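>>> Could you work out the structure for the sequence below:
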Amino acid sequence: MTNARILSRTALFSAAILSAPFALVAAASAQDAASVQTPADIGARIEETRATLERWVECRRILSEEMRDWSLGKDMLDSRVDMLKGEVGEVEGRIVEAEKSVTGADRTAAELVAKNDALKSASSEFASVASALETRTKELVKRLPDPIREKIRPLTQRLPDDPAKSELALSTRFQNVVGIINEVNKFSREITVTSEVRKLADGSSAEVTAVYLGLAQGYYVGGGGKLAGVGGASDSGWTWTPANDYALQIAKVVAILKNESPAEFVPVPLGVK
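Next up is the predicted model:
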């Protein structure tokens, strides 16, 4: 029930209450005007007075109920207002937290963008380094002897023809280069003895035993100890030069390495001019 209705009904009840005394005064005045009244008149006046009192009592009851309802309604409205104030405060708190979260998210996003830019710059630099290493590695592979070139072939086949256009991941490209260099370093620290088919100067081919002192020098001997040669790296690749005059010495080196002859000092050429 609204306050307007409550005030309206209260005004009506107050008017009714105020009218009762005026009715009694009017009755007394009428009594003074007519000094002689019959019993019927007196009974009518009593009945009228009783009815007036009943209306007054009813008005008081209704007024009391209206005041009670108004008080209850006011309490409910106050409670509702307090609850809404609490909800408004909670929403405002959430808004403040959301603004803090947005600010933090913006700051994090800015940091991520900066890191991404830094990573892109670093990636570009690493790509340039990878391209340079791949180019130099391919030049190195050209100078290697056949045994190590065959061993690292699965890795060298993954080197891009044009490093600048490679679509391989940088990690894969660096792994390829490191894998090749590791195998080459390992070969360069060892003495390797292997059987090969060597093409001779007259165009014929012969099976020979080749000895590689790492990547520093190579020798081969074959043809029953009559054919020999000395090899080494050059700009055009690993090259062999006939050295038949050293066939016996090279054959002795091979026998020592195969444990077919006791160890001894054997002079061999470092190169043939």
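
>>> could you pull out the strands for this structure?
Ranges of strands in the chain, per DSSP state E, are 191-199, 205-213, 217-222, 227-234, 237-242.

>>> which one of those is the most hemmed in?
A comparison of the strands of the chain by mean neighbour count, using mean count of other CB atoms under 10 Å, puts strand 217-222 on top with a mean of 23. All C-beta atoms are positioned from the backbone trio N, CA, C, and that covers glycine.

>>> tilt between that strand and strand 191-199?
60 degrees (axes from the mean of the first three to the mean of the last three CA atoms, to 10 degrees).

>>> Need the residues that contact strand 217-222.
With contact meaning CB atoms under 8 Å, 6 or more residues apart in numbering, strand 217-222 is reached by 145, 196, 198, 206-212, 227-232, 238, 240, 243, 246-247, 250-251, 253-254, 268, 270-271.

>>> Turn the strands of the chain into CSV, columns for mean pLDDT and distance to Glu260.
Below are those laid out as CSV (pLDDT from 0 to 100; distance: least, CB to CB, whole Å):
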stretch, mean pLDDT, distance to Glu260
strand 191-199, 91, 11
strand 205-213, 93, 11
strand 217-222, 94, 13
strand 227-234, 92, 17
strand 237-242, 91, 24
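
>>> Between those strands, which one is closest to Pro163.
strand 237-242 (21.2 Å; CB to CB).

>>> quick one, domains of the protein?
3-91, 126-186, 191-257 (automatic domain parsing).

>>> Glu264: which of the ones you listed is closest?
Nearest to Glu264 among the domains of the chain is domain 191-257; the distance by CB to CB comes to 7.1 Å.

>>> Now find how far off-centre stretch 214-234 is within its chain.
Between the centre of stretch 214-234 and the centre of its host chain there is 58 Å, according to CA atoms, centre = their mean, to the nearest Å.

>>> Correction: the previous question concerned stretch 91-98.
Distance, stretch centre to chain centre, for stretch 91-98: 27 Å (CA atoms, centre = their mean).

>>> Quick check: phi and psi at Gly225.
For Gly225, the backbone dihedrals (degrees, to the nearest 10) come out as phi 80, psi 20.

>>> Run a quick neighbour tally on the closest residue to it other than its chain neighbours.
Nearest residue to Gly225 in three dimensions, chain neighbours excluded: Ala251, at 4.8 Å (CB to CB, 6 or more residues apart in numbering). When neighbours are counted by other CB atoms under 10 Å, Ala251 registers 20.

>>> show me what contacts Ala251?
Here Ala251 is in contact with Val221, Gly225, Ala228 (CB under 8 Å, 6+ apart).
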